[in-house]
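> Sequence unavailable; structure follows:
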Ligand SMILES: Nc1ncnc2c1ncn2[C@@H]1O[C@H](COP(=O)(O)OP(=O)(O)OP(=O)(O)O)[C@@H](O)[C@H]1O
């Protein structure tokens, strides 16, 4: 019922499918009825009178069946693809709106299997199964009425045949549904495993763990097999019984029909027509069982899809205020944050005041909460307590788009997309000019991009040209600084650079940072020099704030944090 909104725009096509399929079914019934006329007419009276009319009608019926079939199949194909596309687009759009916490909680394989095989099951059922359930029910009822009108005792018997089929199908679905859900979840886990091994191929090879992973895969695949087999066993238990019903009906019809003909209650032609029509009643009976199974599969798939569609985006626009002319005054006021999956907060009572144009470095031992703090500025996570303001406005009261236009970020792990260099750089600012892109590349010391085979149009990222870790990081930095954002959040963006390139990037960054408010996660003394002040994080709270020299002189813990940094290289 919830999916009907997706079926509604295709209602016309579904109706065409329903009517053309109904017409085809009705025309099929003409065959046995013409046979009856043939046997009880020309055959019985050994004459050719009316033979050509009957033959012409049979030919016409056959032609019309082809035409309806063509129309029906066309309607089905366009409807099914349309519904699936609409659902897939919505699902993808919704996944993009969902918060970082959602994506951290869900395995990507589970999302993938929902967006592919589950959607396919739902789309195909909406455009095919649902229509045919209606159609087969109507056909069954229609044929039953014709059978009752030919010879009511046998007609009633055939009509009653639907009852055992329904009972058996209900039993089948009760055992089959939980297995079907389990199988779909297990396929999701298997997809995650495959994805992980593809992405982590280098690490797996380097550690010689491919055998271990093969075993893990075999175990997961074995589980999928066991569930698939269990499903097969359920079908094996119920299906022969369901199939036996039409067989029994045919036997009873032949026996009862022969009696009726012998007693003169039926003509031979009527018996032949009855048996011929019976096959049209058997097909809906058979397929109803199968269609109901499809319906159950689609219901499970839809349930899995709605688990994503029903997830709240979490981070949304709250009564947005009008657009700001952002100066870049960033304040953390008694900010605390707890990951939804954790009991204890990661950040507590964080008070920071970063003035417009100021660069504040965040230092602290690993796990002290530096990255988490940077994620709050872009609202990738929302604070659990306190507030963050930009020019005095709570960032939750700013439209997300405004906030993310003014706040730009580069993370430690530079993700590049399978697109051109230019598209990667202008990801957050599609309207950036060539000059702005060139300036960003200069600042990030990423001018190597011009020397790539197709310059800035060279495709990089997955299935694109391979770049070194340092090159990727420089492009990610260029992406962050393009168009001179008001607020810049950089999480150790120079970690993969050699000493010389780092010095060059730092020199160029200095010019950007003079006019930009920046939060800079630092791990080594060389990067700290870019900052006007440093905040030392310790166990999620601010332990000290001051200039690099002040902290070096007065806070022993600060000296330890920077000294302990493994990448520090004498310069
Ligand atoms: N998605 C998450 N869910 C739950 N806990 C998390 C999550 N991400 C980080 N944490 C925890 O939050 C704490 C702070 O992590 P964070 O990454 O902010 O530290 P960090 O100071 O940036 O560390 P590093 O210098 O190693 O990058 C850690 O204890 C970490 O285990």
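In hand now; what should we look at? Since we're looking at a predicted model, the values are computed, not measured.
> What is the neighbour count of the closest residue to residue 168 other than its chain neighbours?
Nearest non-adjacent residue to residue 168, counting by C-beta to C-beta, 6 or more residues apart in numbering: residue 242, 4.9 Å away. In short, each C-beta sits where N, CA and C put it, glycine included. Residue 242: 22 surrounding residues under other C-beta atoms under 10 Å.
> Residue numbers of the chain in contact with the ligand?
Within the chain, the positions adjacent to the ligand are 104, 339, 341-342, 346, 364, 366-372 by C-beta under 6 Å from any ligand atom.
> Buried subset of those residues as a PyMOL selection?
If you want just the buried ones from the residues of the chain next to the ligand in PyMOL, going by 16 or more other C-beta atoms under 10 Å, the selection is:
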select buried, resi 346+364+368+369+370+371+372
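> Can you point out the helix or strand that includes residue 502?
helix 499-514 (DSSP states H and E).
> Which positions in that helix come out as buried?
Those would be 501-502, 504-506, 508-509, 512-513, for helix 499-514 by 16+ other C-beta under 10 Å.
> Just the residues contacting that helix, thanks.
The contact list for helix 499-514 (C-beta atoms under 8 Å, 6 or more residues apart in numbering) reads 357, 359, 442-445, 470, 474, 477, 481, 484, 488, 494, 497, 526-527, 529-530, 569, 571.
> In helices, which of the residues you listed fall?
The members of the contacts of helix 499-514 that map onto helices under DSSP state H are 442-443, 470, 474, 477, 481, 526-527.
> buried subset of those?
The neighbour count (16+ other C-beta under 10 Å) marks 443, 470, 474, 477, 481, 526-527 as buried among the ones in helices among the contacts of helix 499-514.
> want to throw those into TSV with pLDDT?
Formatted as TSV, these follow (pLDDT from 0 to 100):
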residue	pLDDT
443	85
470	81
474	86
477	86
481	86
526	78
527	81
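> For those residues, name the two members farthest from one another.
Greatest spacing in these, by C-beta to C-beta: 481 and 526 (18.9 Å).
> Nearest to the ligand among the buried residues of helix 499-514?
The ligand lies nearest to residue 502 out of those, by C-beta to the nearest ligand atom, at 17.8 Å.
> per the record, what domains does the protein have?
The record's domain parsing of the chain by automatic domain parsing lists 4-172+245-309, 330-563.
> Would you pull up how far the first one lies from the middle of the chain?
Distance of domain 4-172+245-309 from the chain centroid (C-alpha atoms, centre = their mean, to the nearest Å) equals 31 Å.
> And it, end to end?
End-to-end distance for domain 4-172+245-309, by C-alpha to C-alpha, to the nearest Å: 15 Å.
> Let me know the average pLDDT across that domain.
Regarding domain 4-172+245-309, the rounded mean pLDDT is 85.
> same deal with stretch 453-464?
Computed over stretch 453-464, the average pLDDT equals 79.
> Mind listing what's buried along that stretch?
Buried, per 16+ other C-beta under 10 Å, within stretch 453-464: 456, 458-461, 464.
> pLDDT at residue 186, what is it?
pLDDT for residue 186: 90.
> Secondary structure element holding it?
helix 162-199.
> Show the subsequent helix or strand relative to that helix.
Counting by DSSP H and E, what follows helix 162-199 is helix 201-206.
> buried sites along that following helix?
residue 204.
> Any idea how far the next helix or strand after it is from the middle of the chain?
Heading C-terminal from helix 201-206, the first helix or strand you meet, by DSSP H and E, is helix 210-263. Taking the mean of its C-alpha atoms, helix 210-263 sits 32 Å from the chain's own mean (C-alpha atoms, centre = their mean).
> just checking, what packs against helix 210-263?
Helix 210-263 sits against helix 152-160, helix 162-199, helix 268-309, with contacts defined as 3 or more C-beta pairs under 8 Å, 6 or more residues apart in numbering; DSSP states H and E.
> what inclination does it have with respect to helix 152-160?
Helix 210-263 runs at 170 degrees relative to helix 152-160, counting by axes from the mean of the first three to the mean of the last three C-alpha atoms, to 10 degrees.
> element containing whatever residue of the stretch 101-250 of the chain ends up closest to the ligand, please.
At 4.5 Å from the ligand, residue 104 is the closest residue in the stretch 101-250 of the chain, using C-beta to the nearest ligand atom. Per DSSP H and E, residue 104 falls inside helix 100-105.
> again with residue 332
Secondary structure assignment for residue 332, by DSSP H and E: strand 330-337.
> Run me through the strand neighbours of that strand, direction for each.
Paired with strand 330-337 in the same sheet, following DSSP bridges, are strand 347-354 (antiparallel), strand 385-390 (antiparallel).
> how about stretch 514-522: buried residues?
516-522.
> How about stretch 384-403?
Buried positions in stretch 384-403, judged by neighbour count with 16+ other C-beta under 10 Å: 384, 386-391, 393, 395-396, 398, 400, 402-403.
> So what touches it?
With C-beta under 8 Å, 6+ apart as the criterion, stretch 384-403 contacts 315-321, 323-324, 326-338, 345, 349-350, 376-379, 382, 406-407, 487.
> What of stretch 194-209?
With C-beta under 8 Å, 6+ apart as the criterion, stretch 194-209 contacts 108-109, 112, 210, 213, 217.
> ChimeraX command for the buried members of these?
Only the buried members of those end up in this ChimeraX selection, burial being decided by 16+ other C-beta under 10 Å:
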select :109,112,213
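> from the contacts of stretch 194-209, which is closest to residue 3?
Using C-beta to C-beta, residue 112 comes nearest to residue 3 of these, at 20.6 Å.
> can you tell me the helix or strand for the closest one?
With DSSP H and E as criterion, residue 112 is part of helix 108-113.
> by contact count, what packs against whichever helix or strand comes after that helix?
In the C-terminal direction, the helix or strand that comes right after helix 108-113 (DSSP H and E) is helix 119-124. Applying 3+ C-beta pairs under 8 Å, 6+ apart, we find helix 119-124 packed against helix 51-97, helix 268-309.
> what about stretch 504-524, how long is it end to end?
End-to-end for stretch 504-524, by C-alpha to C-alpha: 16 Å.
> quick one, strands of the stretch 301-450 of the chain?
Here the stretch 301-450 of the chain has its strands, by DSSP state E, counting those that start in this stretch, at 330-337, 347-354, 359-364, 385-390, 393-394, 407-410, 419-420.
> Same list, those, but as TSV with mean pLDDT and distance to residue 294 please.
Below are the strands of the stretch 301-450 of the chain laid out as TSV (pLDDT from 0 to 100; distance: least, C-beta to C-beta, whole Å):
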stretch	mean pLDDT	distance to residue 294
strand 330-337	94	46
strand 347-354	93	50
strand 359-364	92	55
strand 385-390	92	50
strand 393-394	88	50
strand 407-410	86	46
strand 419-420	86	39
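> Any chance of JSON lines for those strands, columns distance to residue 91?
Formatted as JSON lines, the strands of the stretch 301-450 of the chain follow (distance: least, C-beta to C-beta, whole Å):
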{"stretch": "strand 330-337", "distance to residue 91": "29"}
{"stretch": "strand 347-354", "distance to residue 91": "33"}
{"stretch": "strand 359-364", "distance to residue 91": "37"}
{"stretch": "strand 385-390", "distance to residue 91": "31"}
{"stretch": "strand 393-394", "distance to residue 91": "31"}
{"stretch": "strand 407-410", "distance to residue 91": "26"}
{"stretch": "strand 419-420", "distance to residue 91": "22"}
